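Have a look; sequence and predicted model below, questions after that.
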Amino acid sequence: MAPEDGGTGRRGRGRPAGSRSGTPETRDRILAAAREEFSARGYDKTSIRSIAKSAGVDSSLVHHYFGAKEQIFAASIELSFEPAFGVPDVLAAGPEGVGERLARFFVAIWENPVSRAPMLAILRSAVTNDTAAAVLRGIVLRRLLERVASELKVPEPRLRAELAGAQMIGIAMMRYVIRIEPLASADMEEVVALVAPTLQRYLTDPGPVTG
């Protein structure tokens with residue numbers, strides 16, 4: 001790859017000394033900065049310029065790696081939601097007790113402050129911005145719901161996967177975003193015990209989904 005100065009011996013305009021292009025470390029630094037910016041500011045108030053400033057690079061380098069803001073937001077979601085993408089592995093262990101395993105897996109992710117903070121920021125952005133919502137919807141569908149549906153051996157697997165997802169996202173909104181009591185302060189084990197039978201029915205009961 002050509003050097004940043006284009007062979008002139010000068011750095012690109014606005015690019016601080018020591019900044020490197022064409023390295024995995026630079027891309028990772030930009031992505032980490034984007035995740036922090038989206039977490040702190042939300043989608044609407046975050047800009048390519050603010051991400052570049054936080055990463056210590058020129059804005060053109062952010063565009064080089066990620067394109068538009070929508071694309072770097074998508075990359076941030078992929079990074080922030082990585083723990084949740086293990087759900088298909090939970091299902092692969094078999095139908096017995098899958099409702100409890102899934103509830104415990106999901107709640108444990110949200111109970112962890114490290115994984116909770118960026119996921120909270122993304123949910124808030126998706127609620128207030130149509131572009132952010134569309135990006136989140138596409139990634140959750142591609143990385144999570146379609147894989148969950150492929151593991152189910154019941155009628156209407158896609159609908160059941162979406163219902164299970166809606167159940168867990170609803171709990172996340174009520175417990176961690178809006179913080180409505182008594183759910184917000186309920187014991188984790190109590191939440192798991194109450195939610196598990198519903199998830200079990202969605203994912204394994206061959207009967208009608210409703211009723």
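That came in fine, so what should we check first? Numbers count the residues shown, from 1 in each chain.

The helix or strand of the chain with the lowest mean pLDDT: how far from the chain's middle?
Across the helices and strands of the chain, mean confidence by mean pLDDT, DSSP states H and E is lowest for helix 87-92: a mean of 77. In terms of C-alpha atoms, centre = their mean, to the nearest Å, the centre of helix 87-92 is set 17 Å apart from its chain centre.

for the protein, what's the longest helix?
helix 24-45 (DSSP state H).

in that one, what counts as buried?
Buried residues in helix 24-45, counted by 16 or more other C-beta atoms under 10 Å: 26-27, 29-31, 33-39, 42-43. Where C-beta positions appear, they are placed from N, C-alpha and C, glycine not excepted.

Tell me which two in those residues are the farthest apart.
T26 and G42 (25.0 Å; C-beta to C-beta).

Which strands or helices does the one helix or strand Y65 maps to pack on?
Using DSSP states H and E, Y65 falls within helix 59-66. Applying 3 or more C-beta pairs under 8 Å, 6 or more residues apart in numbering; DSSP states H and E, we find helix 59-66 packed against helix 24-45, helix 48-55, helix 69-80.

Give me the neighbour count for A149.
20 (other C-beta atoms under 10 Å).

residues making contact with the helix or strand hosting it?
If you go by DSSP H and E, A149 is part of helix 146-151. Contacts of helix 146-151 with the rest of the structure, by C-beta atoms under 8 Å, 6 or more residues apart in numbering, involve 87-88, 91-92, 157-158, 160-161, 164-165.

repeat that with 6 Å
Residues outside helix 146-151 that contact it (C-beta atoms under 6 Å, 6 or more residues apart in numbering) are 88, 91, 157-158, 161.

before we move on, the earlier item: distance between the longest helix of the chain and the chain's centre?
13 Å.

Rounded mean pLDDT for it, please.
Averaged across helix 24-45, the pLDDT comes to 87.

go on, stretch 64-79?
In this model, stretch 64-79 has an average pLDDT of 87.

cool, stretch 154-162 as well?
According to the model, stretch 154-162 has a mean pLDDT of 91.

List the buried residues in it.
So stretch 154-162, judged by 16+ other C-beta under 10 Å, has buried residues 154, 157, 160-162.

can you list those residues in a markdown table and add secondary structure and distance to S185?
Output for the buried residues of stretch 154-162, formatted as a markdown table (DSSP: H, G, I helix; E, B strand; the rest coil; distance: C-beta to C-beta, whole Å):
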| residue | secondary structure | distance to S185 |
| --- | --- | --- |
| V154 | coil | 34 |
| P157 | helix | 35 |
| R160 | helix | 30 |
| A161 | helix | 30 |
| E162 | helix | 29 |
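
between those, which is nearest I109?
Among the buried residues of stretch 154-162, and counting by C-beta to C-beta, the member closest to I109 is A161, at 17.5 Å.

Quick check: the closest one touching L141?
No. Under the criterion of C-beta atoms under 6 Å, A161 makes no contact with L141, lying 9.6 Å away.

Could you tell me the phi and psi values at the residue positioned nearest the centre of the chain?
The centre of the chain sits closest to F81, judged by C-alpha atoms, centre = their mean, with a distance of 3.0 Å. For F81, the backbone dihedrals (degrees, to the nearest 10) come out as phi -90, psi 10.
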